[in-house]
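Trainee: just coords:
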């Protein structure tokens, strides 16, 4: 193309500049005109431009809508939209953000002080701490838009343990319900409306009614309730008039009654007294009485209750002894129980097991075996059971149908000659320790014991027996 002056070139709008467009540049070091693309001119020429030239806005400043030159800011508090943050400012902001609690949740490792209100809208709030101190003196629970007893039902406090320890409000019972014991400290008490109802040892004086079905021993007090029936040790009566007596009825209860005057008798009922007197012109000539009452006779007799004996009814004195031989006193239940307990601990005649030891005193007398002395031949009888036969001559015969099983008789040959112990008809007499049966010989001054071991069957043993 023909040479043209710069003033003769067409203008190129800045918005039409392309990266491959070239610009003529005079290289003064070589005294030569050379070309360079617009991109390379900006890239390499920017470093050749002085700060004063830049401050003179020869290159447009950067904005949020256009590229350009921009100044750096090392602040994390700047709100400028025309400055660029340094890497250090970004790191400072990042480090602050990394040490903060994420909106999605997390863990605060240090102390946290909240100077304004704290609202928790989650389902579960967990406080993992050893001690929780709350300055507020009133803690509200179950705070909803429209609280009712239904929304409060089941609310309370749960302490975790092997089993849950709870204090809960139960709507069905309209009451606070404790799952465990409530142990008050010494000298403390339960109160209702400020009035004591119960402490460790007594009911409050305001407690005047109850539904108790049993109590321990009542030491003192005044009974002001309904009448106590006879079935519970009472009389079933509450008031009396002069002269009234208590009379037993067939049904076991007591009734109030007064004495009725008979012929020529007047009865005067007083305050705690009853006077009986004769009436009529002729007067009383004699007063008699029938058992258990006794009368001394005459017109002014002494009337008394006669003593009870084994042949008549009457008044009797109690005897609390197990050794009395009286036939005119009655034993107390206590003495009967003592005798029964002693008998119950004894060995019955039918036999049993004695579990303890028997100790005899040095002067203890032992049972004797009574003697039946004979001087001629002798036949044993039932009365000889438990005795010893002291015989001098003639021998001894054992007959059938005389002794019962367990009966025993001892025989002593009180002589210097042998004597025969004869086995009677239908009797089996067996020498102990052998199979020998039949008559046995008892040597001089020998002794043998005969034991009935079955129906007409005997075993005999002893010294000098053959």
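Mentor: Sure, I can see it. Quantities reported herein were computed from a predicted structural model and do not represent experimental measurements.

Trainee: what segments of the chain are helices?
Mentor: Along the chain, counting by DSSP state H, helices occupy 38-45, 51-55, 87-98, 149-152, 333-344.

Trainee: least reliable of the ones you listed going by mean pLDDT?
Mentor: If you rank those by mean pLDDT, helix 51-55 sits at the bottom with a mean of 57.

Trainee: dump the helices of the chain to TSV, plus distance to residue 297 and mean neighbour count.
Mentor: (Glycine included, C-beta is placed from N, CA and C.) Listed next are these as TSV, based on distance: least, Cβ to Cβ, whole Å; neighbours: other Cβ atoms under 10 Å:
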stretch	distance to residue 297	mean neighbour count
helix 38-45	163	13
helix 51-55	160	10
helix 87-98	127	12
helix 149-152	87	12
helix 333-344	38	12
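
Trainee: turn those into JSON lines, including distance to residue 168.
Mentor: Below are the helices of the chain laid out as JSON lines (distance: least, Cβ to Cβ, whole Å):
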{"stretch": "helix 38-45", "distance to residue 168": "79"}
{"stretch": "helix 51-55", "distance to residue 168": "77"}
{"stretch": "helix 87-98", "distance to residue 168": "44"}
{"stretch": "helix 149-152", "distance to residue 168": "10"}
{"stretch": "helix 333-344", "distance to residue 168": "54"}
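
Trainee: for residue 396, find the nearest of these.
Mentor: For these, proximity to residue 396 was assessed by Cβ to Cβ; helix 333-344 is nearest, at 40.3 Å.

Trainee: please compute how far that closest one lies from its chain's middle.
Mentor: 35 Å (Cα atoms, centre = their mean, to the nearest Å).

Trainee: hmm, back to that, out of the helices of the chain, nearest to residue 117?
Mentor: helix 149-152 (22.7 Å).

Trainee: which residues sit against that closest one?
Mentor: By Cβ atoms under 8 Å, 6 or more residues apart in numbering, the residues outside helix 149-152 that reach it are 142, 144, 169, 171, 174.

Trainee: can you check stretch 219-236 too?
Mentor: 237, 238, 246, 252, 253, 254.

Trainee: please name the bridge partners of the residue nearest to the last one when sequence neighbours are not counted.
Mentor: Read that as residue 254. Distances taken as Cβ to Cβ, 6 or more residues apart in numbering put residue 246 closest to residue 254, at 4.6 Å, once the chain neighbours are dropped. Beta-bridge partners for residue 246, by DSSP bridges, are residue 256.

Trainee: surely residue 246 and residue 253 touch.
Mentor: No. Counting by Cβ atoms under 8 Å, residue 246 stays clear of residue 253, with 9.9 Å between them.

Trainee: one step back: quick one: residues contacting the residue nearest to residue 254.
Mentor: 235, 237, 254, 255, 256, 257 are the contacts of residue 246 under Cβ under 8 Å, 6+ apart.

Trainee: list the buried residues in stretch 160-177.
Mentor: 168, 169 (16 or more other Cβ atoms under 10 Å).

Trainee: endpoints of that stretch, how far apart?
Mentor: For stretch 160-177, the first-to-last residue distance is 16 Å (Cα to Cα, to the nearest Å).

Trainee: pull the contacting residues for residue 334.
Mentor: With contact set as Cβ under 8 Å, 6+ apart, residue 334 has these partners: residue 320.

Trainee: residue 211: neighbouring residues, count only.
Mentor: Other residues lying near residue 211 total 4 when counted by other Cβ atoms under 10 Å.

Trainee: then the one 10 residues further on?
Mentor: The local packing count at residue 221 equals 6, with neighbours defined by other Cβ under 10 Å.

Trainee: equivalent analysis for the one 10 residues further on, please.
Mentor: Other residues near residue 231 come to 9 when the count uses other Cβ under 10 Å.

Trainee: show the pLDDT at it.
Mentor: 70.

Trainee: that one and residue 254: what is the separation?
Mentor: Per Cβ to Cβ, to the nearest Å, residue 231 is found 11 Å from residue 254.

Trainee: now swap in residue 38 and tell me
Mentor: Going from residue 38 to residue 254 by Cβ to Cβ gives 136 Å.

Trainee: wait, residue 420 sits on residue 439?
Mentor: Yes. Using Cβ under 8 Å, residue 420 is in contact with residue 439, at 5.7 Å.

Trainee: return the residues in contact with residue 252.
Mentor: 230, 231.

Trainee: the stretch 251-400 of the chain: strands as residue ranges?
Mentor: 254-257, 265-269, 274-278, 293-295, 303-305, 317-319, 329-331, 371-374, 378-379, 388-391, 396-398 (DSSP state E, counting those that start in this stretch).

Trainee: now these in CSV, with mean neighbour count, mean pLDDT and distance to residue 466?
Mentor: Below are the strands of the stretch 251-400 of the chain laid out as CSV (neighbours: other Cβ atoms under 10 Å; pLDDT from 0 to 100; distance: least, Cβ to Cβ, whole Å):
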stretch, mean neighbour count, mean pLDDT, distance to residue 466
strand 254-257, 14, 83, 83
strand 265-269, 14, 86, 93
strand 274-278, 13, 81, 91
strand 293-295, 15, 76, 76
strand 303-305, 13, 79, 76
strand 317-319, 12, 87, 61
strand 329-331, 14, 85, 59
strand 371-374, 15, 94, 21
strand 378-379, 16, 95, 20
strand 388-391, 20, 94, 17
strand 396-398, 21, 95, 15
